[in-house]
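Asks: just coords:
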Ligand code: NAP
Ligand code: MG
């Protein structure tokens, strides 16, 4: 069989622990036999990040800006325990944080829906994609514990000397104060990333804040989104047949619970933190959730939403059998390959990505799955496969379809 050709390389970001093992299995079993795979390889495994003083992470983000599409394996974010385990020179920052900051991107998370793994919310027929604004608000706050009686003020001193101030509260006794901020630039990037992704995936976009209560702060989010929509995207949305829909956050939550799915839910930072865990756990499993970082310039970085599955890795190292779910990592590859195919006009590559996804879902629907899914499936007579066995079962299905 002739292998599928590629034009532009994918930026390949290798990672850590169990997902690094899966990464190799996926390439060996599901990609290399079928595609003349072109990648520019960056080893984001913690050991090499440490050796290069984390320069490799920066280089991989720059390569993503150059080529436009990356696929990333899960990576360790170092903490005190990892400092000793890997004998680190420094507690290197989260690669995802570094890459996100360099690409100025928004993360979209989508559950992979498959028969046999039913969402807890019965009317959710299609995936709900969550887009979380990842800058500012309570995540960059300044707080004061008010010891007693006194006046709290909000003060802004402009560069030209102008002062704007407001009284927050006249305290009669102890209390608390919190100062939060956001920037117009960050909200605008978020808006464009959301509108582009909606067009890209041909799904409606929902956005919600509490603008009735927060008449300046949240209202600015609402206004910025609406302005950018009206001026830059309305015509394209009409053409594509999708809508942008704004409502209050409490109304959005109520509507989401009654909806069928199949849309993108854009959230402010805190709402996104809370709602993404609600949506992902209600859809079944973190191992069935994909994640893509989209920059306002239209660069894409695909990955799985879960971590490096450390507990399984230690079992693997001890020579024990593991049954680690590779679905989200496979879908990171298919997402990246499909996008590369779209950008380079390679129909074969796009169709391969579709077939690999289909083979993966059909394998599960036939009752062949990893242990995590076997525990929650509604299917009967399931066959629990080990990490490699599951990937090989997918390969068999894939070969039948090619
Ligand atoms: P994790 O790797 O997501 O795993 C937590 C638990 O969830 C696992 O122990 C396992 O449960 C289950 N699980 C997650 N993915 C699974 C899969 N594919 N198949 C089967 N079960 C799966 O989170 P963590 O243990 O908190 O973090 C480990 C490392 O990952 C940390 O160093 C963290 O910094 C890093 N991390 C990286 C990313 C990223 O790169 N995007 C994201 C999150 C965390 P059982 O043990 O019950 O089987
Ligand atoms: Mg959270």
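Replies: Cool, got the structure. Everything numeric here is computed off the predicted structure, so don't read it as measured data. Ligands and ions are numbered 1, 2, ... in the order given.

Asks: Next, count neighbours for residue 320.
Replies: For residue 320, the count of nearby residues is 9 (other C-beta atoms under 10 Å). Every C-beta, even on glycine, is put in place using the N, C-alpha and C of the backbone.

Asks: repeat for residue 273
Replies: Using other C-beta under 10 Å, the number of residues around residue 273 comes to 16.

Asks: host element of it?
Replies: Assigned by DSSP states H and E, residue 273 belongs to helix 269-283.

Asks: Which positions within that helix qualify as buried?
Replies: Of the residues in helix 269-283, those scored as buried under the neighbour-count criterion (16 or more other C-beta atoms under 10 Å) are 269, 271, 272, 273, 275, 276, 279, 280, 283.

Asks: so what secondary structure elements neighbour it?
Replies: Applying 3 or more C-beta pairs under 8 Å, 6 or more residues apart in numbering; DSSP states H and E, one finds that helix 269-283 contacts strand 106-111, strand 128-132, helix 249-258, strand 263-267.

Asks: residues in contact with residue 388?
Replies: Shown in contact with residue 388 (C-beta atoms under 8 Å, 6 or more residues apart in numbering): 25, 29.

Asks: Show me which positions of the helix or strand where it lies end up buried.
Replies: If you go by DSSP H and E, residue 388 is part of helix 387-401. Buried residues in helix 387-401, defined by neighbour count with 16+ other C-beta under 10 Å: 387, 388, 390, 391, 392, 393, 394, 395, 397, 398.

Asks: so does it get close to ligand 1?
Replies: No: with C-beta under 6 Å from any ligand atom as the criterion, ligand 1 is not reached by helix 387-401; the gap is at least 8.6 Å.

Asks: Can you tell me which residues in the stretch 201-350 of the chain are near ligand 1?
Replies: 286, 287, 303, 306, 307, 308, 309, 310, 311, 324, 325.

Asks: The host helix or strand of residue 58 and ligand 1 in contact?
Replies: Element membership for residue 58 (DSSP H and E) is helix 55-67. No: Helix 55-67 lies apart from ligand 1 when judged by C-beta under 6 Å from any ligand atom; the minimum separation is 11.5 Å.

Asks: For the helix or strand just after that helix, which strands pair with it and how are they oriented?
Replies: Per DSSP H and E, the first helix or strand lying C-terminal to helix 55-67 is strand 69-72. Partner strands and pairing direction for strand 69-72 (DSSP bridges) are strand 10-14 (parallel), strand 300-304 (parallel).

Asks: what's the closest of the ones you listed to residue 100?
Replies: Distances from residue 100 to each of the strands paired with strand 69-72 were compared by C-beta to C-beta, and the smallest falls on strand 300-304, at 8.7 Å.

Asks: what's that closest one in contact with?
Replies: 11, 13, 19, 64, 68-74, 96, 99, 103, 105, 287, 289-294, 328-329, 331-333, 335-336, 339.

Asks: And stretch 142-153, by the same measure?
Replies: Contact with stretch 142-153 is made by 165-180, as judged by C-beta under 8 Å, 6+ apart.

Asks: same deal with stretch 160-173?
Replies: Contacts made with stretch 160-173 from outside it, assessed by C-beta under 8 Å, 6+ apart, are listed as 146, 148-158, 175, 177.

Asks: And that stretch, what's buried?
Replies: Buried residues in stretch 160-173, counting neighbours by 16+ other C-beta under 10 Å, are found at residue 171.

Asks: Off-centre distance for it?
Replies: Between the mean C-alpha point of stretch 160-173 and the mean C-alpha point of its chain there is a distance of 39 Å (C-alpha atoms, centre = their mean, to the nearest Å).

Asks: Out of the contacts of stretch 160-173, which end up buried?
Replies: Among the contacts of stretch 160-173, the ones that count as buried by 16+ other C-beta under 10 Å are residue 152.

Asks: Out of the contacts of stretch 160-173, the closest to ligand 1 would be?
Replies: Distance from ligand 1 was checked for each of the contacts of stretch 160-173 by C-beta to the nearest ligand atom. The minimum falls on residue 177, at 32.6 Å.

Asks: Just to be sure, the closest one is in a strand?
Replies: Yes: in this structure, residue 177 lies within a strand as judged by DSSP: H, G, I helix; E, B strand; the rest coil.

Asks: what about it, distance to residue 185?
Replies: Computed as C-beta to C-beta, to the nearest Å, the residue 177 to residue 185 distance reads 26 Å.

Asks: How about residue 173?
Replies: As it turns out, when the distance is counted by C-beta to C-beta, residue 173 lies 39 Å from residue 185.
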